[in-house]
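Colleague: return a 3D structure for these sequence lines:
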Amino acid sequence: MAAAAMEPINCDVVVVGAGFSGLAAAAAILKANPDLCVKVLEARSRVGGRVESMEGEVGVDVAADKEESTASPHRRTTGGDGNHHSQRRKRVRMDVGGAYVGPTQDRLLRMAREVGVTTYPVHHRPG
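Modeller: Sure thing, here's the model as predicted:
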């Protein structure tokens, strides 16, 4: 397979990858020197790198004694505990890429705030 012809890139800085780090690097370079020409290259058809969400279906256990909805398909199963359970399919949106930022990653948390990324505590203990 022949390599695709590429147009020359005329700019001061080229950032390879439009993941969180690449986009943050481009933003930091432009913030420090707004007169530079910065281009970000990405192989995929979307930005975000490993951060990605997708829609899919998951099975949700429903207690056998609860009224089952006729709107969702159900499948009756017997659990490892010997009790009867019903499982219905539910359409959800789920994270499938990098999703965890530790509490000591100050620079990444600050960058997330700057670009409007919502964060929430993972190990929240009520009380």
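Colleague: contacts and neighbour counts: CA atoms only from here.
Modeller: Noted.
Colleague: in the record's domain split, what are the boundaries for this structure?
Modeller: Domains of the chain are assigned by automatic domain parsing as 13-51+98-115, 56-95.
Colleague: pick out the shakiest of the ones you listed, pLDDT-wise.
Modeller: Sorting the domains of the chain by mean pLDDT places domain 56-95 lowest, at a mean of 62.
Colleague: in the lengthiest helix in the chain, what counts as buried?
Modeller: For the chain, the longest helix by residue count, based on DSSP state H, is helix 20-32. Of all the residues in helix 20-32, those buried under the rule 16 or more other C-alpha atoms under 10 Å are 20-26, 29.
Colleague: which helices and strands does that helix pack with?
Modeller: Judged by 3 or more C-alpha pairs under 8 Å, 6 or more residues apart in numbering; DSSP states H and E, the packing partners of helix 20-32 are strand 13-16, strand 38-41.
Colleague: okay, those in CSV with distance to V58 and mean neighbour count next?
Modeller: Below are those laid out as CSV (distance: least, C-alpha to C-alpha, whole Å; neighbours: other C-alpha atoms under 10 Å):
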stretch, distance to V58, mean neighbour count
strand 13-16, 35, 16
strand 38-41, 35, 15
